[in-house]
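Visitor: Build me a structure from this.
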Amino acid sequence: MKPLSVLALLGSALLLGGCSHVSRVDADRLTAFGEPLDQPEQYLYYLVRIDNRGRPPDALPPLAIRFPAADRPIALDALTPSLTARYLPAFVPPPQWPDTWKEKALRETAFEGGGFYVHFETQGPGFIALCSHCHGGRHSPVLCTADGSVCHRLPVTYEGLVELIGPPDRVRRVREVTY
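Guide: Residues are numbered from 1 along each chain as shown. Predicted coordinates:
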């Protein structure tokens, strides 16, 4: 093998091997992503997504969120557009989105702010995301058990995540996260 080919292969291996620092936790409709943000030996989960699209609110995991201005956690299955609007502004699509995406987003009922994104369908919450380290900003969204007895601010350790959601269905390393 030529020296240049060997260098190219080694470089590719280093790039590929260095990209899998993201841990993905799946628990039914919930997916969480974590990276070693502060300490290389501990993953902190900074993004939690709950995809309940096409399902009724009673299919949501038994969790609650505490909005920044709320005095208590609100169970996911109790979220409504009018309640969410008390705490979060309406979602405004980014200016770089194509016009067709912007038009569709403006027709939908969604709210965003403080590390929270809540999208509603006719039957209730369809997609909920909490993110502490996304889009260049830093937020501190809070995820709780449905009764509000246990709460953790994101980013959360694996142990804290398990305390909220129970043992996950799957834990794996992934190469990238899409927001």
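Visitor: Near Val171, how many other residues are there?
Guide: 16 (other C-beta atoms under 10 Å). Just so you know, the C-beta spots here come from the backbone N, C-alpha and C atoms, and that holds for glycine as well.
Visitor: gap between it and Asn52?
Guide: For Val171, the distance to Asn52 (C-beta to C-beta, to the nearest Å) stands at 21 Å.
Visitor: same thing with Arg153?
Guide: Counting by C-beta to C-beta, the gap from Arg153 to Asn52 is 23 Å.
Visitor: One more: Leu44?
Guide: 25 Å.
Visitor: between those two, which one's more packed in?
Guide: Asn52 (24 against 20).
Visitor: Would you agree the more buried one is in contact with Phe120?
Guide: No: with contact defined as C-beta atoms under 8 Å, Asn52 does not reach Phe120; the gap is 10.3 Å.
Visitor: can you list residues touching both of these two?
Guide: Residues touching both Asn52 and Phe120 (C-beta atoms under 8 Å, 6 or more residues apart in numbering) are Gly126.
Visitor: which SS class is Asp26?
Guide: On the three-state scheme (DSSP: H, G, I helix; E, B strand; the rest coil), Asp26 is labelled strand.
Visitor: Now do it: how many residues are near it, please.
Guide: 13.
Visitor: heads up, I number from 9, so please use that
Guide: Got it, the first residue is 9 from now on, which makes the last one we talked about Asp34.
Visitor: ok, it - contacts?
Guide: Asp34 touches 176-179, counting by C-beta under 8 Å, 6+ apart.
Visitor: For it, give the beta-bridge partners.
Guide: Note on Asp34: beta-bridge partners by DSSP bridges are Thr39, Arg178.
Visitor: SS state for the spatially most central residue of the chain?
Guide: Nearest residue to the geometric centre of the chain (C-alpha atoms, centre = their mean): Val56, 2.7 Å. Here Val56 is recorded as strand under three-state DSSP.
Visitor: What's opposite the residue nearest to Glu116 when sequence neighbours are not counted in the beta bridge?
Guide: Nearest non-adjacent residue to Glu116, counting by C-beta to C-beta, 6 or more residues apart in numbering: His127, 6.6 Å away. Per DSSP bridges, the residues bridged to His127 are Ala118, Phe135.
Visitor: which residues in this protein form helices?
Guide: With helices called from DSSP state H, the chain shows them at 11-25, 89-93, 107-115, 166-173.
Visitor: doesn't Ile173 make contact with His160?
Guide: No: with contact defined as C-beta under 8 Å, His160 does not reach Ile173; the gap is 10.4 Å.
Visitor: got the contact list for Ala77?
Guide: Taking C-beta under 8 Å, 6+ apart, we find Ala77 in contact with Tyr95.
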